[in-house]
Structures are given as C-alpha cells and as structure tokens.
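> sequence below, structure please.
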Amino acid sequence: MVTEGVEDYLEAISKALENEEKARTNEIAVQLEVSASSVTEMLQKLDKQGYINYEKYQGVTLTSKGREIADDVIETHEAIHRLFIMIGVSPENAEKDACKVEHHLSEETITQLKKFVKYIEETFEGDLKTIKNIKKELEQLKNEEK
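Below is the predicted model:
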C-alpha cells in the first residue's frame, strides 16, 4: 500500500512536470511546503521504490508505476474538489479540503464519488441547484395531482 506521503510527492512531481521536462527539488519543496533536503531524501526513497527516475542535480521524472499512482491521486483530488464546489464550498476551501480528504477514503467510496460527480456534470452541467429545482417541480406536480 502506498502511503499518503508518497502520494503527495508523486502528485507534486506530476504537477511540476506539467510545464517542465523534469521536476526540480525546489519546486517540489515549495508545493509541499517542506525543506529541499527533505525532498531530496524522499526522492532517493521513491527512486529505490521504482516510482521515479532521480539523478542528483538533474531533476526527476515519473516511472510508469509512479505516473499511474499520481494520475489516480490527481483524478480523485479533482473529483472531490469539483463535488465540494457543486455543494457551494468556496474554491479555496474546496482545494484545501480536497487535499485533506483524498487520502482517507476507501476505494469503493472514491469509485462511487467519481461516478456521482461525472453523472452530475453530464446531466446537470455540474450544478446541484438544478436537482433542487427538479425536486421542487416534481413536488408541485405531485401536489397538483391531488
């Protein structure tokens, strides 16, 4: 099982690689709000575990194993973030809270959450207010039938 710390590092590396060919220690340190020496220590561990390709002073890339985990963590984070936005949480708090929650859900919950968010986005354009309006309309129709 991959630890929360490993997931955080792989996610940070993946984000750093969006704009660069190789992620740099300092950029990862800034993202994770840790010291560069802590990042270097963790990068060495991640390299030994086969999650990254690391050469001192050369930067970091993800292996396919590391990329798979990073992509999954990012996808989960984004789904949680979008759900929080849908229910009216501010973007800033949605981001912070998604970071806190993403590592603590079961696989079953993550799978169902992703399905739910996808359904809401596709059916109601990501707006839960639409569901409330539909519910009100259905209640009105029901009352009219009486």
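> CA atoms for contacts and neighbours, from now on please.
Noted.
> what helices and strands are in contact with whatever helix or strand Ile120 lives in?
Using DSSP states H and E, Ile120 falls within helix 107-124. If contacts are counted by 3 or more Cα pairs under 8 Å, 6 or more residues apart in numbering; DSSP states H and E, helix 107-124 sits against helix 64-86, helix 128-145.
> check those for me and report the most buried one.
Among these, helix 64-86 has the highest mean neighbour count (mean count of other Cα atoms under 10 Å), at a mean of 19.
> ok, then the element right after that helix?
That would be, after helix 64-86 and using DSSP H and E, helix 91-101.
> which residue sits closest to Asp97, ignoring its sequence neighbours?
Distances taken as Cα to Cα, 6 or more residues apart in numbering put His81 closest to Asp97, at 7.8 Å, once the chain neighbours are dropped.
> am I right that that neighbour is in contact with Ser90?
No - using Cα atoms under 8 Å, His81 is not in contact with Ser90, being 10.0 Å away.
> for Gly66, see how far away the residue nearest to Asp97 is.
22 Å (Cα to Cα, to the nearest Å).
> what mean pLDDT does the helix holding Ile120 get?
Averaging pLDDT along helix 107-124 gives 91.
> just stretch 58-74 next, same as before
Average pLDDT, stretch 58-74: 96.
> that older thread, can you lay out the helices and strands packed on helix 107-124 as CSV showing distance to Ala23?
Below are these laid out as CSV (distance: least, Cα to Cα, whole Å):
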stretch, distance to Ala23
helix 64-86, 13
helix 128-145, 38
